[in-house]
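# Here is the input, now give the coordinates:
(2 chains)
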Amino acid sequence: MSPLDQVVARIGAAIPGARVQILPNDSPSGQHSLLVDHEHAVAVAKFLRDDPDLQLDHLANVTGVDWLDATVKEKAKVRKVINGAEKEVEETLERKKPGFLEAVYHLYSIARNHGPVILRLRTGNRIDQVRVPSLTPIWRGAEFQEREIYDLYGIVFDGHPDLRRILMWDEFQDHPMRKDYVEPDDYEYEPTAHDKVLEKAKKHHTAADRPQL
Amino acid sequence: MSIDEGLRSELSRQGIFTTTLEGLYNWGRRNSVWPLNFGLACCAIEMIAASMARFDLARFGAEVFRPSPRQADLMIVAGTVTKKMAPMVVRLYNQMPEPKYVIAMGACAISGGPFKQGYNVLKGIDRYIPVDVHIPGCPPRPEALLHAFMTLQRKIDAQKLSGSDRARHFDAQAPSEFPIPQYGQHDLEPPRNEAVWRPPAMRRGE
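Below is the predicted model:
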């Protein structure tokens, strides 16, 4: 398979206007991924599946990622006038990085025996702009996994044929895999509680439970 | 009420068999406990193994796994009870006729097991229905299920037909059906049946 930047170039040639960006991965695996824009995601996916050089016919895995709002600290050199003399001073700048949800697709080619190519779709934020296009029309295997991501992360997949909860019941309102999920408090009986479980169980302890000192 | 043991053995030596109605009734019941044919997770595999030739649950008169709760006496809760599954388990229990018994098999069914601190698994089926025998293990061996069976048989043998400590199915006031939990927005509602289960008192530092 041609390198990822060539894949991006060919996507750009085949689908005018598609905004595909390489997200580098610094880890030893070096599995760089492609961030695809919402408008052209289905067209890009169709190209990756049908292109004779790529033939990414096997969607191995779809998963979700929850990125919380974060503050990124960056050190930058700034020129400042101190005591009448201009000096170069190092300053720490704090930049707010808004959170978002992400759907990650791992693609392989059975026909050409290569892969993975990793696609990422990102939502606008974690609250009200949580829609991304569904790739189920391209790879039917995404159907249940997109339902699971909808259930556990709350990403809404536009164009999904049957978007319902798959693990939790329909009346359930939370998304348990989100990092700010608060689980139900049923820690009233923990015989061997420790660490975080002990902290939660302690709220249920009465005065009689506590050791008499 | 009870006949003298010496007289009983003397009579039986002469070919006269004596018993009590209670003894005969319980003897018949404990040797024909028909379990409900359902399993929830890997413990069910051990339950199936216990019912097959090698471990042979049929020796205890319990080989007839019934596919309908209307014909079953015993519910073996074999496996993880997720919160999504819990209302169905309670409904199946309610559909069984009295007298009925419950064996909670394995770490998940008795306490939630390795999923105890998860959001989606019930921390023991005894929060909603009365359990007669708990079996620990992950999963318990078929021998453990056989031991639970024998424990249940001893329990049935000791049940009284009359008196204030009579068996539950002779008590018109005792409940035979238990409230089915509803699917709530964040958890099952109610999270436990207070009439059946209360958190045990914890004595710390003793």
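# So A:F172 versus chain B, what's the distance?
7 Å (CB to the nearest CB, to the nearest Å). Every residue, glycine included, has its C-beta placed from N, CA and C.
# residues near that residue, how many?
20 (other CB atoms under 10 Å in any protein chain shown).
# cool, B:A44 as well?
For B:A44, using other CB under 10 Å, the count is 19.
# what ranges do the helices span in the chain?
Just so you know, I chose chain A. A:4-14, A:41-50, A:142-153, A:195-202 (DSSP state H).
# that's the other chain; I wanted chain B
Going by DSSP H, chain B shows helices at B:5-13, B:21-30, B:43-51, B:86-95, B:106-111, B:142-157.
# Of these, which stretch is the most buried?
helix B:106-111 (a mean of 26; mean count of other CB atoms under 10 Å in any protein chain shown).
# now that one: mean pLDDT?
In this model, helix B:106-111 has a mean pLDDT of 92.
# Then stretch A:69-83?
The model assigns stretch A:69-83 a mean pLDDT of 81.
# same thing with stretch A:173-187?
90.
# now swap in stretch B:67-87 and tell me
93.
# What's the end-to-end length of that stretch?
The stretch stretch B:67-87 measures 18 Å between its terminal residues, going by CA to CA, to the nearest Å.
# Stretch A:45-62 too?
14 Å.
# among the helices of chain B, which is nearest A:K75?
helix B:106-111 (50.9 Å; CB to CB).
# re the thing from before, pipe the helices of chain B into JSON lines and attach distance to chain A per row.
JSON lines is the format used below for the helices of chain B (distance: least, CB to the nearest CB, whole Å):
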{"stretch": "helix B:5-13", "distance to chain A": "42"}
{"stretch": "helix B:21-30", "distance to chain A": "32"}
{"stretch": "helix B:43-51", "distance to chain A": "20"}
{"stretch": "helix B:86-95", "distance to chain A": "9"}
{"stretch": "helix B:106-111", "distance to chain A": "9"}
{"stretch": "helix B:142-157", "distance to chain A": "20"}
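# Output those in CSV; the columns should cover distance to B:Y119.
Below are the helices of chain B laid out as CSV (distance: least, CB to CB, whole Å):
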stretch, distance to B:Y119
helix B:5-13, 56
helix B:21-30, 40
helix B:43-51, 22
helix B:86-95, 13
helix B:106-111, 15
helix B:142-157, 29
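# Of those, which is nearest A:E88?
Using CB to CB, the nearest of the helices of chain B to A:E88 is helix B:106-111, at 63.2 Å.
# So which elements touch the closest one?
For helix B:106-111, the contact count by 3 or more CB pairs under 8 Å, 6 or more residues apart in numbering or on different chains; DSSP states H and E identifies helix B:43-51, strand B:74-78, strand B:133-135 as packing neighbours.
# re the thing from before, columns distance to A:I166 and mean neighbour count on top of the helices of chain A, output as a markdown table?
Output for the helices of chain A, formatted as a markdown table (distance: least, CB to CB, whole Å; neighbours: other CB atoms under 10 Å in any protein chain shown):
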| stretch | distance to A:I166 | mean neighbour count |
| --- | --- | --- |
| helix A:4-14 | 31 | 15 |
| helix A:41-50 | 22 | 20 |
| helix A:142-153 | 4 | 21 |
| helix A:195-202 | 28 | 13 |
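# Distance to chain B and mean pLDDT added to the ones you listed, as CSV?
Shown next, in CSV, are the helices of chain A (distance: least, CB to the nearest CB, whole Å; pLDDT from 0 to 100):
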stretch, distance to chain B, mean pLDDT
helix A:4-14, 38, 90
helix A:41-50, 31, 93
helix A:142-153, 10, 94
helix A:195-202, 6, 87
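# closest to A:L121 out of the ones you listed?
Across the helices of chain A, closest to A:L121 is helix A:41-50 (CB to CB), at 5.9 Å.
# Could I get the full set of strands for chain A?
Using DSSP state E, the strands of chain A run over A:20-23, A:33-36, A:58-67, A:70-82, A:85-97, A:100-109, A:114-122, A:131-133, A:156-158.
# ok now the fifth one, how far from the chain's centre?
In this view, strand A:85-97 has its centroid 31 Å away from the chain centroid, taken as CA atoms, centre = their mean, to the nearest Å.
# partner strands of it, parallel or antiparallel?
Strand A:85-97 pairs in its sheet with strand A:70-82 (antiparallel), by DSSP bridges.
# Keeping just the C-alphas, turn the partner strand into CSV.
In CSV, the C-alpha atoms belonging to strand A:70-82 read as follows (Å, rounded to 0.1, in the frame of the first residue of the first chain):
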residue,chain,number,x,y,z
ALA,A,70,-8.5,20.3,28.5
THR,A,71,-6.0,23.1,29.2
VAL,A,72,-2.8,22.9,27.3
LYS,A,73,0.2,24.6,28.7
GLU,A,74,2.7,25.9,26.1
LYS,A,75,6.0,27.6,26.7
ALA,A,76,6.8,30.4,24.3
LYS,A,77,9.5,33.0,24.0
VAL,A,78,8.1,36.5,24.1
ARG,A,79,10.0,39.8,23.7
LYS,A,80,9.2,42.2,26.5
VAL,A,81,10.5,45.5,27.7
ILE,A,82,11.8,45.1,31.3
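# what separates A:G115 from chain B, distance-wise?
From A:G115 to chain B the distance is 32 Å (CB to the nearest CB).
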